[in-house]
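Q: next come a sequence and a model predicted from it.
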Amino acid sequence: MKKPGEQFTYLKPTMGNSQHTLSAQVPTPEGPRYAMMSWTPKGVTNISVPEAAQRQGVATSLWNEGHRLASENAKVPAPKHSADRTNQGDAWARSVGGKLPRRKQ
């Protein structure tokens, strides 16, 4: 059994940058691909999941792992929802819960 965090790769911000990134390798019919979530203290800047792996809990797993990392390390901010969300991103954000800022038009 894997320990929490083993299936994820965390990239901490480089000097002068506040972006945190998590990636996870996911299986697809075309072979393994990577899903990714990036965030700053202000909120999520990008979530990308290969189309063949969407709607299988991959983005939610990245979100949960980001929160787990933040709970164990004071230098890692917990991911927050962004006001800049696609329709699909808005539906996902509502499904995982948390404070939702007013969506940009």
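A: Nice, thanks for sending it over.
Q: so Arg85 touches Arg102, yeah?
A: No. Counting by C-beta atoms under 8 Å, Arg85 stays clear of Arg102, with 10.5 Å between them. No exception for glycine: its C-beta is placed from N, CA and C like everyone else's.
Q: those two: which has the busier surroundings?
A: Counting neighbours by other C-beta atoms under 10 Å for Arg85 and for Arg102 shows that Arg85 has the greater number, 20 against 6.
Q: from Lys99, how far off is the more buried one?
A: 13 Å (C-beta to C-beta, to the nearest Å).
Q: rewinding a little: need the residues touching each of Arg85 and Arg102.
A: With contacts defined as C-beta atoms under 8 Å, 6 or more residues apart in numbering, no residue is adjacent to both Arg85 and Arg102.
Q: contacts for stretch 29-48?
A: For stretch 29-48, the surrounding residues in contact (C-beta under 8 Å, 6+ apart) are 18-26, 49-50, 52-53, 58-59, 62-63, 66, 77, 79-83, 89, 92, 101.
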